[in-house]
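Engineer: 3D, please:
(one chain, ligands or ions: 1)
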Amino acid sequence: MKLTEEIEKRRTFAIISHPDAGKTTLTEKLLLFGGAIQTAGAVKSNKIKKTATSDFMEIEKQRGISVATSVMAFKYGGKQINILDTPGHKDFAEDTYRTLTAVDSVILIIDCANGVEAQTERLMEVCRMRKTPVIIFINKMDREGRDSFDLLDELEEMLKISVRPLSWPIGIGHTFQGVYNIYNKELNLFSANKTKIAEDVVKIENLEDPQLEQIIGEDATSELKEELELVEGVYDEFSKEDYLNGDVAPVFFGSAINNFGVKELLETFLDISPSPIGRETSVGFVEPENSDFSGFIFKIHANLDPNHRDRIAFLRIVSGKFERNTFYNHVRMDKKLKFPNPTSFMAQDKSVIDEAYPGDVVGLYDTGNFKIGDTLTEGTTVSVKGIPSFTPEIFMELENKEPMKSKQLDKGIQQLTDEGVAQLFVQQPGNRKIVGTVGQLQFEVIKYRLEHEYGAKCDFVPRRYHKACWMTTDNQDQLDQFIKAKSTYIAKDKDDNYVFLAETPFLLQMAQQDYPDITFHFTSDFKVTQ
Ligand code: G4P
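Structural biologist: Residues are numbered from 1 along each chain as shown. Okay, the predicted model is just below:
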């Protein structure tokens, strides 16, 4: 098969949601449709139960589960679908952000009773930044929830994206009868059933079709007509182009647990979602059709076997064809590497593959060659841009508890931060190490792993920073002055970029006022500015 055909049939996306909105359930239903699993309950929830937030063994268990479910591939309707899993726990949000760099679109799930929640907003911010196309699935319509128009308003307001319903619910909770599929002009009738796959679908000509009233009743029919009239009046015609540009999010309603609305979601998704998109690189945009293979590492999963310190690096293929046992350039290290056992992930089975194509994710066994963001190429040496670091929320200074073991500690913290467990900022004088994370849990992970894998003991001392800010300017003198004047708050990140560790919002504001030529950024890819 030609490269273009392989590309066209692939869809690589992530399902994202606030915990408990139904990500695991929807993933499972999609896998059931694809025939990748046979029974419900086969997908383990990749979330750390609320009761176990500080139980390290629980984290370890989760790490085992999450490698198994990191990528779930299946075939449906002639398409090769790759779902990339994202951790549910908010302390692992960075991992999710990085995974979002490896997908071409996302499905965002909203709980119809809770609407937009904290985690939903953060995730959407990352999608907006990258202009990732988003489809929204409003879930749990079998339960009492909020008014649909109110929900749509909230989505637009809080997620700062235009929405366009492509299906419309008939009732909600105990009055829920199904949805009217605006896109296909079909009536999908609801029956609560957790095991069935097929839905009862009635094709109707238009809203005047007498079948409508016969099936859902007079009152529901007139309500549906009124609401659809309002929908058509308020929302613009659905434009696939706007969706692909990340400007409008089509919305579906359903109930994942009851398998309801899932098929139409999947089919519309396959119809409108983008096939693998190229990536920005050091030499410009690389299209997937480019025959030279290129790909980047967006996730590293370590500690599969603590005795061997082996890791799996997850490679997203950007262009060309990847082949087993072929030498590729590791651009950062300027080194040729080949991979005898690259793995693909078909649902929960791992298997060695001989070749892979743009959009695919391949697991590479690694003995410490890779960092997050590394590029592998064939032919020209390009590096893929855009695995951003985000400002951490919690900062701690790393203190060595055993001075004789400082080498082990240095090596350990370096490797753990290369894996993306946390960010490391080094301050001078004295090489002081400030570790930044988005959640408390990572400090436990680091402490445990430093001790068990590297034999180094450490303590963490809280540092009350508000944000880490990357800086850009056209006025180098002003930046030099700033770095000198604020030296106690300046550190360097893993790529040797200067970072300002602002203690409070006020001090950041002062810095912006006093040094107007410097722009302060909350991510390392300099797109989101303060
Ligand atoms: P998550 O991965 O986003 O965290 O959510 P998950 O799928 O685990 O779903 C969270 C809870 O919501 C689960 O209940 C699940 O059964 C329920 N749920 C998912 N979709 C629907 C739906 O369409 N309608 C209703 N009523 N509930 C839904 P749980 O009690 O936490 O877990 P479980 O004991 O049912 O597994």
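Engineer: pretty sure Pro274 sits against Asn245.
Structural biologist: No: between Pro274 and Asn245 there is no contact under C-beta atoms under 8 Å: 10.3 Å. Yep, even glycine has a C-beta here, placed from its N, CA and C like the rest.
Engineer: joint contacts of those two?
Structural biologist: Counting by C-beta atoms under 8 Å, 6 or more residues apart in numbering, the contacts common to Pro274 and Asn245 are Pro133.
Engineer: which one of these two is surrounded by more residues?
Structural biologist: Pro274 (18 against 11; other C-beta atoms under 10 Å).
Engineer: the closest residue to the more buried one other than its chain neighbours and the ligand: what is the separation?
Structural biologist: Distances taken as C-beta to C-beta, 6 or more residues apart in numbering put Asp104 closest to Pro274, at 5.0 Å, once the chain neighbours are dropped. Separation of Asp104 from the ligand (C-beta to the nearest ligand atom, to the nearest Å) stands at 21 Å.
Engineer: not counting its neighbours along the chain, what's nearest Val331?
Structural biologist: Closest residue to Val331 apart from its sequence neighbours, by C-beta to C-beta, 6+ apart: Thr375 at 4.5 Å.
Engineer: now the spatially most central residue of the chain, nearest residue through space, not along the chain?
Structural biologist: Centroid-nearest residue in the chain, with C-alpha atoms, centre = their mean: Leu100, separated by 3.3 Å. Nearest in space to Leu100, with sequence neighbours left out and distances taken as C-beta to C-beta, 6+ apart, is Val126 at 5.3 Å.
Engineer: now Gly436
Structural biologist: When the adjacent residues along the chain are set aside, Gly436 lies closest to Pro392, with 2.8 Å between them (C-beta to C-beta, 6+ apart).
Engineer: what's near enough to touch the one you found?
Structural biologist: Counting by C-beta under 8 Å, 6+ apart, the residues that Pro392 touches are 422-423, 436-438, 468.
Engineer: so where's the chain uncertain?
Structural biologist: Applying pLDDT under 70 to the chain flags residues 1, 36-69, 88-89, 191-201, 303-309, 345-350, 386, 525-530.
Engineer: and the helices in it?
Structural biologist: Along the chain, counting by DSSP state H, helices occupy 3-8, 23-33, 56-68, 93-100, 118-130, 148-159, 210-216, 218-234, 240-244, 262-272, 406-418, 441-454, 476-485, 505-514.
Engineer: including distance to the ligand, could those go into CSV?
Structural biologist: Shown next, in CSV, are these (distance: least, C-beta to the nearest ligand atom, whole Å):
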stretch, distance to the ligand
helix 3-8, 30
helix 23-33, 3
helix 56-68, 12
helix 93-100, 12
helix 118-130, 10
helix 148-159, 15
helix 210-216, 20
helix 218-234, 20
helix 240-244, 23
helix 262-272, 9
helix 406-418, 27
helix 441-454, 16
helix 476-485, 43
helix 505-514, 32
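Engineer: tell me which residues in stretch 176-187 are buried?
Structural biologist: By neighbour count on 16 or more other C-beta atoms under 10 Å, the buried set for stretch 176-187 is 176-184, 186-187.
Engineer: quick check, nearest of these to Asp209?
Structural biologist: Comparing the buried residues of stretch 176-187 against Asp209 with C-beta to C-beta places Leu187 closest, at 8.8 Å.
Engineer: do you know how far the residue nearest to Val331 is from Ala502?
Structural biologist: 32 Å (C-beta to C-beta, to the nearest Å).
Engineer: what does Gln211 give?
Structural biologist: Counting by C-beta to C-beta, the gap from Gln211 to Ala502 is 63 Å.
Engineer: check contacts around the nearest residue to Asn82 once chain neighbours are set aside.
Structural biologist: Distances taken as C-beta to C-beta, 6+ apart place Thr12 nearest to Asn82, at 4.3 Å, with adjacent residues excluded. Residues in contact with Thr12 (C-beta under 8 Å, 6+ apart) are 81-82, 84, 102-104, 276, 316, 359-361.
Engineer: surely Glu144 and His174 touch.
Structural biologist: Yes: Glu144 is in contact with His174 according to C-beta under 8 Å; the separation is 7.4 Å.
Engineer: settle it for me: which of the two has more neighbours?
Structural biologist: Set side by side, Glu144 and His174 show more neighbours around Glu144, with 13 against 8, by other C-beta under 10 Å.
Engineer: the spatially closest residue to that one that is not a sequence neighbour: neighbour count?
Structural biologist: Of all residues not flanking Glu144 in the chain, Gly173 sits nearest, at 3.7 Å (C-beta to C-beta, 6+ apart). Residues lying near Gly173 (other C-beta under 10 Å) number 13.
Engineer: now do the same contact list for Gly173.
Structural biologist: For Gly173, the contact set (C-beta under 8 Å, 6+ apart) comprises 141-145.
Engineer: Throw the contacts of Thr12 into CSV and include neighbour count, thanks.
Structural biologist: CSV is the format used below for those (neighbours: other C-beta atoms under 10 Å):
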residue, neighbour count
Ile81, 25
Asn82, 23
Leu84, 26
Ala102, 25
Val103, 28
Asp104, 23
Pro276, 26
Arg316, 27
Gly359, 27
Asp360, 25
Val361, 24
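Engineer: among those residues, which are in strands?
Structural biologist: Taking DSSP state E as the definition of strands, the contacts of Thr12 contribute 81-82, 84, 316, 361.
Engineer: could you single out the nearest of these to the ligand?
Structural biologist: Nearest to the ligand, judged by C-beta to the nearest ligand atom, of the ones in strands among the contacts of Thr12 is Leu84 at 14.4 Å.
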